[in-house]
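>>> have a look at this fold, sequence not included:
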Ligand SMILES: *Cc1c(COP(=O)(O)O)cnc(C)c1O
């Protein structure tokens, strides 16, 4: 590391809240699957900002839409209409087959908004006694960092010393339909779940899980809320991960790649009933649905489809997964993934995954460890076969080393 990099790290450490522990690289430029550090070293981005840059860094068409809109109008608040909101609604509804849209900014805000909406639906439509609504969520979930959300996290690091928390949540095992059936009561308004648990380490539920979940939710008049903030918008090789089991959620949450990484844009999508309960003044956001966000999101959705990124994610994801499975290294416990949402879980004896991520950095790959022993791999959906093959070579040489 040269002195300027050390300066950046020291200044961050001195002034910044230390709520992250980044890998020691300072990035200053990005294009497609590549990012460059301040010293001019190039890296293949295998995190994609936790899937916010599915469309690749600085996609020229999203950039053009953002610049063009920024010249015209950026923020009106929802006190007035703007000419980007209606087309955004139309296009996101057409893309996802949804009836109603609530635009927000961060993913966590979309989750919070969904929680408020399904509770309101529970009281006003389902007839749950006031104050009694229950929401079921899963162990090892990740839905964001607000107080409401961390209150039903099961990760001690996420929760400790942030309480007291709001009641009304029940936790069950992920991938276990018997547990869901048992947890549902008359007062259950929703089951909130990730199609694949991303932050937990890319945990894929058993085949048929969501088919059965859908049946149970329908039978009990419980809203199925799928948090597709990470799995949605092509990441798993389909537009939405729910399509792998041909089901439809009642409420779908999108964020991250909804802007291609340019801007925080999220959305709650629902059938008519759930978002239909919201009346003027009952929920809102100064920036939610602003013209800049809408213009950026429209371009981000358009390039995803027009440039075949979803199909590419399926194709390159299969190639990547197969290549990872072919690596013979006794550090590897399991390789798993769907589309370009991949993970290599190491044997605990192989040492911390972070050491492997640091070694990968030396080989021109940026990947992120999660939960001590798992390396997640999620490159932008524009990755080519040659780039996948090159990445696989770097993974093979790194994973056959021993950092224990
Ligand atoms: C990232 C993420 C969130 C939170 O999004 P923020 O924009 O960071 O608030 C919620 N749910 C899932 C599944 C995520 O991956």
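Alright, I've got the coordinates. Since the structure is predicted, the reported quantities are computational estimates derived from the model, not experimental observations.
>>> so residue 117, which of the three states?
Of the three states, residue 117 takes helix according to DSSP: H, G, I helix; E, B strand; the rest coil.
>>> for the nearest residue to it once chain neighbours are set aside, give me its contacts.
Nearest non-adjacent residue to residue 117, counting by C-beta to C-beta, 6 or more residues apart in numbering: residue 274, 5.1 Å away. C-beta: built from backbone N, CA, C; applies to glycine. By C-beta atoms under 8 Å, 6 or more residues apart in numbering, residue 274 lies in contact with 100, 117, 118, 121, 223, 250, 251.
>>> and residue 28, by the same measure?
Contacts of residue 28 (C-beta under 8 Å, 6+ apart): 36, 37, 38.
>>> what's around the last one, how many residues?
Meaning residue 38. Applying other C-beta atoms under 10 Å, we find 16 residues neighbouring residue 38.
>>> I'd say it and residue 9 touch.
No: using C-beta atoms under 8 Å, residue 38 is not in contact with residue 9; the gap is 11.1 Å.
>>> ok, now how distant is residue 176 from residue 209?
8 Å (C-beta to C-beta, to the nearest Å).
>>> cool, and residue 163?
Taken as C-beta to C-beta, the span from residue 163 to residue 209 is 31 Å.
>>> what does residue 233 give?
In this view, residue 233 and residue 209 are 22 Å apart by C-beta to C-beta.
>>> equivalent analysis for residue 23, please.
In terms of C-beta to C-beta, residue 23 sits 34 Å off from residue 209.
>>> higher neighbour count, those two?
When residue 23 is set against residue 209 and neighbours are counted by other C-beta under 10 Å, the residue ahead is residue 209, at 18 against 14.
>>> who touches both of residue 38 and residue 9?
residue 26.
>>> circling back: residue 334: which of the contacts of residue 28 is nearest?
For these, the residue nearest residue 334 by C-beta to C-beta is residue 37; the value is 31.2 Å.
>>> surely that closest one meets residue 26?
Yes: judged on C-beta under 8 Å, residue 37 makes contact with residue 26 at a distance of 5.6 Å.
>>> return every residue with contacts to both of these two.
In contact with both residue 37 and residue 26: residue 5, using C-beta under 8 Å, 6+ apart.
>>> quick one, phi psi at the residue in the chain positioned nearest to the ligand?
Of all residues in the chain, residue 107 sits closest to the ligand, at 2.1 Å by C-beta to the nearest ligand atom. Phi and psi for residue 107, reported as degrees, to the nearest 10, are phi -60, psi -40.
>>> again, but for residue 397
phi -70, psi -30.
>>> next, the contact list for it, please.
residue 363.
>>> and if we set it to 10 Å?
Taking C-beta atoms under 10 Å, 6 or more residues apart in numbering, we find residue 397 in contact with 327, 329, 359, 360, 363.
>>> same check on residue 388?
Contacts of residue 388 by C-beta under 10 Å, 6+ apart are 33, 44, 315, 316, 317, 318, 319, 320, 322, 323, 340, 379.
>>> my guess is the second one meets residue 379, correct?
So the one you mean is residue 44. Yes: using C-beta atoms under 10 Å, residue 44 is in contact with residue 379, at 6.5 Å.
>>> which residues of the stretch 251-400 of the chain lie near the ligand?
Contact residues, the stretch 251-400 of the chain versus the ligand (C-beta under 6 Å from any ligand atom): 255, 256.
>>> any weak-confidence spans in this structure?
1-3 (pLDDT under 70).
>>> got the domain boundaries for it?
Using automatic domain parsing, the domain parsing of the chain gives 28-57+308-399, 73-306.
>>> I'd say residue 173 and residue 139 touch.
Yes: Residue 173 lies in contact with residue 139 (C-beta under 10 Å); the separation is 5.7 Å.
>>> who has more neighbours out of those two?
residue 139 (16 against 13).
>>> and the gap between the closest residue to the more buried one other than its chain neighbours and residue 141?
Spatially, and ignoring its direct neighbours in sequence, residue 139 is nearest to residue 154 (4.7 Å; C-beta to C-beta, 6+ apart). Distance of residue 154 to residue 141, given as C-beta to C-beta: 7 Å.
>>> common neighbours of these two, please.
The contact sets of residue 154 and residue 141 overlap at 171, 200 (C-beta under 10 Å, 6+ apart).
>>> quick one, which of those two is more surrounded?
residue 141 (23 against 13).
>>> please confirm that residue 285 is located within a strand.
No: Residue 285 is assigned coil when assessed by three-state DSSP, not a strand.
>>> picking that back up, now for the residue of the chain closest to the ligand: which residues touch it?
50, 52, 142-145, 149, 227, 229-230, 253-256, 258, 264-266.
>>> circling back: overlap in contacts of residue 44 and residue 379?
32, 33, 365, 366, 367, 387, 388, 391.
>>> hmm, the first one is touching residue 59, no?
Yes: between residue 32 and residue 59 there is a contact under C-beta under 10 Å: 8.1 Å.
>>> so these two - more neighbours on which side?
Legend: neighbour count by other C-beta under 10 Å for residue 32 and residue 59, higher for residue 59 (26 against 20).
>>> does residue 245 touch residue 196 like I think?
No: using C-beta under 10 Å, residue 245 is not in contact with residue 196, being 11.7 Å away.
>>> report the set of residues contacting both of those two.
What both residue 245 and residue 196 touch, as defined by C-beta under 10 Å, 6+ apart, is the set residue 205.
>>> look at those two and report which has more neighbours.
The neighbour comparison of residue 245 against residue 196 (other C-beta under 10 Å) goes to residue 196, with 23 against 16.
>>> relative to residue 398, how far out is that one?
Counting by C-beta to C-beta, the gap from residue 196 to residue 398 is 24 Å.
>>> and if you look at residue 105?
Per C-beta to C-beta, residue 105 is found 37 Å from residue 398.
>>> and what of residue 305?
Following C-beta to C-beta, the distance that separates residue 305 from residue 398 is 35 Å.
>>> quick one: which of these two has more around it?
Shown here are residue 305 and residue 398; by other C-beta under 10 Å, residue 398 has more neighbours (25 against 15).
>>> you'd agree that one is up against residue 363?
Yes: contact status for residue 398 versus residue 363: in contact at 6.3 Å, counting by C-beta under 10 Å.
>>> give me the nearest residue to the residue minimising distance to the centre of the chain, chain neighbours excluded.
By C-alpha atoms, centre = their mean, the mean C-alpha position of the chain lies nearest to residue 230, the distance being 1.8 Å. In space, and not counting its chain neighbours, residue 230 is closest to residue 198: 4.2 Å by C-beta to C-beta, 6+ apart.
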